[in-house]
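Below are the sequence and a predicted model; questions follow.
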Amino acid sequence: MPGRKKPTSRVLTCIIILICLISGLLLSQSSASYAPLNPEVLPDIIIAEETQEGSLPQDYRKEQVTPSPTEEPSEEEIKEQESREETAYSPEAELGTWVASGSDWTFLVKEKPVTGWFTDTDMHRYYLDKDGIMQTGWLTYDGEKYYLNEDGIMQTGTVEIQGKSYTFSEDGILQKETRTTPAPTASEEDETDSDSASAPVSSPSQLKKASKGAQIALTFDDGPGMYTERLLNVLEAYDAKATFFLVGTNIQSYPETVRRMKELGCEFGNHTNSHVDLTTLSTQEIQEQLNDMEEILRDTVGESPSLIRPPFGAINDTVEEAAGSPFILWSLDAAKEENPDIATILETIYSQAEDGDIIHLHDIHESTVAAAEIFIPELVDKGYELVTVSELAEAKGIKLQVGNTYDSMKK
């Protein structure tokens, strides 16, 4: 009849039922026979032991593959790099050239002088002042002491200078100084004992007690030098001033020391540019000596010297006519010898110093500076005010005039 479904084959139905039964049986056996897998035959990364929250399994961390970190440089490599940076020459070194002008040397790059610290391609280190002039001798920079030899090269290691051994760091900073004078022989020791017995006995008790308003002018020639900073230390500590008769070439070696003199209120005097006997020179040569020193001082501290002290105290008519400032000598000479010992200096001052004196000394000698560290406190303790020459003259009512010579301000 139309629309009647054909009967389903009974054989096909039975086969389908049988397949379903067999599949169900196999699935049941598979679930019932499940057992944990052997961890030894599986990758470690799927093995997880019980761990605290937020931590990773130990085995996982061991086997986890991570990118290799960038290797940090070793201490030796760091030191080597720092050494290369410290010893590298200045960038200007390959761009310029050394130029001499008389005894002065400058390093020019495109016709402009290099200033400050400079390392050349030969790896030697130099210091060039604000005008680009290469410095020699002792240099004070940022409170540290350096020594530049006659070629301007900064010294390092152990160096002997004027009979003493000095040790400098790799950066050129002075570490210590040691006397290199050989130990005296037995006969020399006996001779020293004999000299000591005859040496003058100095005691502050010899020093006259100052009257009210008593003043003394300490004056120091030939500097600045390697011991001048020590002298400035004691002047500053006791609120004292002094007058420094400076040599032009030495100003160039110790510009920072001269600037400190100005800061402490000290006075500047002209002691020529190269410490020559002015009486042996022509008028033009005298003026050159005085003018050259004046120019160096003005370039260093912005002021000119107000006084003149001719080397050796030597004055003649030619010198008087050529000068443009008052001449200052002294009333008390504590520097009669070229390099007097401490006891002699102390005995001279303790036994003779009085109000109105102009005392003659040298700050280039260690013995003089060592003596000053002793007698300056004693003078102040006795009531003396230590002032500049010009201050002393003003206090005593004396007007300093060009061409005149003054050796005392005593009334």
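Now that the structure is in, tell me what you want to look at. Numbering: from 1, shown residues only.

And the strands in the stretch 201-350 of the chain?
For the stretch 201-350 of the chain, applying DSSP state E, counting those that start in this stretch gives strands covering 215-221, 243-246, 267-270, 307-308, 327-328, 332-333.

helices and strands around the fifth one, which ones?
Applying 3 or more CB pairs under 8 Å, 6 or more residues apart in numbering; DSSP states H and E, one finds that strand 327-328 contacts strand 307-308, strand 405-406. All C-beta spots, glycine's among them, are computed from the backbone N, C-alpha and C.

Closest to the centroid, which residue in this structure?
Centroid check for the chain by CA atoms, centre = their mean gives residue 144 as the closest residue, at 2.4 Å.

Go ahead and confirm that residue touches residue 175.
No. Using CB atoms under 8 Å, residue 144 is not in contact with residue 175, being 10.2 Å away.

returning to what we had before: pick the most buried one from the strands of the stretch 201-350 of the chain.
Of the strands of the stretch 201-350 of the chain, the one with the most neighbours on average (mean count of other CB atoms under 10 Å) is strand 243-246, at a mean of 28.

what are the pairing partners of that one, and which direction each?
Using DSSP bridges, strand 243-246 pairs in its sheet with strand 215-221 (parallel), strand 267-270 (parallel).

any idea of the mean pLDDT in that strand?
The pLDDT scores in strand 243-246 average 98.

quick one, domains of the protein?
87-179, 215-406 (the TED database).

Tell me the bridge partners for the residue lying closest to residue 242 once chain neighbours are set aside.
Of all residues beyond its chain neighbours, the one nearest residue 242 is residue 218 (4.3 Å), with distances taken as CB to CB, 6 or more residues apart in numbering. Beta-bridge partners recorded for residue 218 (DSSP bridges): residue 359.

Identify the residues contacting residue 218.
Listed by CB atoms under 8 Å, 6 or more residues apart in numbering, the contact set of residue 218 reads 240, 242-243, 359, 361, 372, 376, 386.

run the last query once more with 6 Å
Going by CB atoms under 6 Å, 6 or more residues apart in numbering, residue 218 touches 242, 359, 386.

With neighbour count and distance to residue 298 as added columns, please give the residues you listed in CSV.
Converted to CSV, the contacts of residue 218 look like this (neighbours: other CB atoms under 10 Å; distance: CB to CB, whole Å):
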residue, neighbour count, distance to residue 298
242, 26, 20
359, 24, 27
386, 20, 26
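
of all the residues you listed, which comes closest to residue 259?
residue 242 (15.4 Å; CB to CB).

The closest one touches residue 265, doesn't it?
No. Using CB atoms under 6 Å, residue 242 is not in contact with residue 265, being 9.6 Å away.

Low-confidence regions, the stretch 151-300 of the chain specifically.
In the predicted model of the stretch 151-300 of the chain, residues 162-163, 176-202 satisfy pLDDT under 70.

80 instead, please
Residues of the stretch 151-300 of the chain meeting the criterion pLDDT under 80: 161-165, 176-205.

again, but for the stretch 301-411 of the chain
The model of the stretch 301-411 of the chain has pLDDT under 80 over residues 336-339, 411.

hmm, who's touching stretch 226-243?
Here stretch 226-243 makes contact (CB under 6 Å, 6+ apart) with 138, 218-219, 257, 260, 264-267, 269, 363, 366, 369, 372-373, 376, 380, 386-389.

can you do 8 Å?
137-138, 140, 145, 217-220, 254, 257, 260-261, 264-269, 307, 328, 363-366, 368-369, 372-373, 376-377, 380, 386-391.

thinking again about what came up before, export the strands of the stretch 201-350 of the chain to CSV and append columns for distance to residue 206.
Below are these laid out as CSV (distance: least, CB to CB, whole Å):
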stretch, distance to residue 206
strand 215-221, 15
strand 243-246, 25
strand 267-270, 28
strand 307-308, 30
strand 327-328, 26
strand 332-333, 14
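
how about the nearest residue to residue 222, chain neighbours excluded?
Spatial nearest neighbour of residue 222, excluding adjacent residues (CB to CB, 6+ apart): residue 364 at 4.8 Å.

Could you tell me how many residues sit around that neighbour?
The local packing of residue 364 (other CB atoms under 10 Å) involves 19 other residues.

same question, residue 147
Neighbourhood size, residue 147 [other CB under 10 Å]: 19.

Find me the pLDDT at it, would you?
In this model, residue 147 is scored at 89, pLDDT.

residues in contact with it?
By CB under 8 Å, 6+ apart, the contact set of residue 147 is 137-139, 154-155, 159, 161, 166, 168, 172, 174.

between these, which is nearest residue 93?
Using CB to CB, these come closest to residue 93 at residue 154, 14.7 Å.

does the closest one really touch residue 134, like I thought?
No. Between residue 154 and residue 134 there is no contact under CB under 8 Å: 11.1 Å.

Overlap in contacts, these two.
Here residue 154 and residue 134 have 126-127 as joint contacts, going by CB under 8 Å, 6+ apart.

Find residues that contact each of residue 242 and residue 265.
Contact criterion CB under 8 Å, 6+ apart; residues shared by residue 242 and residue 265: residue 388.

one step back: in JSON lines: the strands paired with strand 243-246, plus distance to residue 22.
Listed next are the strands paired with strand 243-246 as JSON lines, based on distance: least, CB to CB, whole Å:
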{"stretch": "strand 215-221", "distance to residue 22": "123"}
{"stretch": "strand 267-270", "distance to residue 22": "121"}
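
of the ones you listed, which approaches residue 119 most closely?
Closest to residue 119 of those is strand 267-270 (CB to CB; 33.4 Å).

quick one: contacts of the closest one?
With contact meaning CB under 8 Å, 6+ apart, strand 267-270 is reached by 219, 241-246, 258, 261-262, 290, 293-294, 297, 301, 303-309, 325, 328, 388-391.

Dump it to PDB, keeping only the CA atoms.
Only the C-alpha atoms of strand 267-270 are listed here, as PDB (Å, rounded to 0.1, in the frame of the first residue of the first chain):
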ATOM      1  CA  GLU A 267      98.900  91.300  51.800                       C
ATOM      2  CA  PHE A 268     101.000  90.800  48.600                       C
ATOM      3  CA  GLY A 269     104.300  92.400  47.900                       C
ATOM      4  CA  ASN A 270     106.500  92.200  44.800                       C
END
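
what about that strand, distance to the chain center?
The chain centre lies 25 Å from the centre of strand 267-270; the measure is CA atoms, centre = their mean, to the nearest Å.
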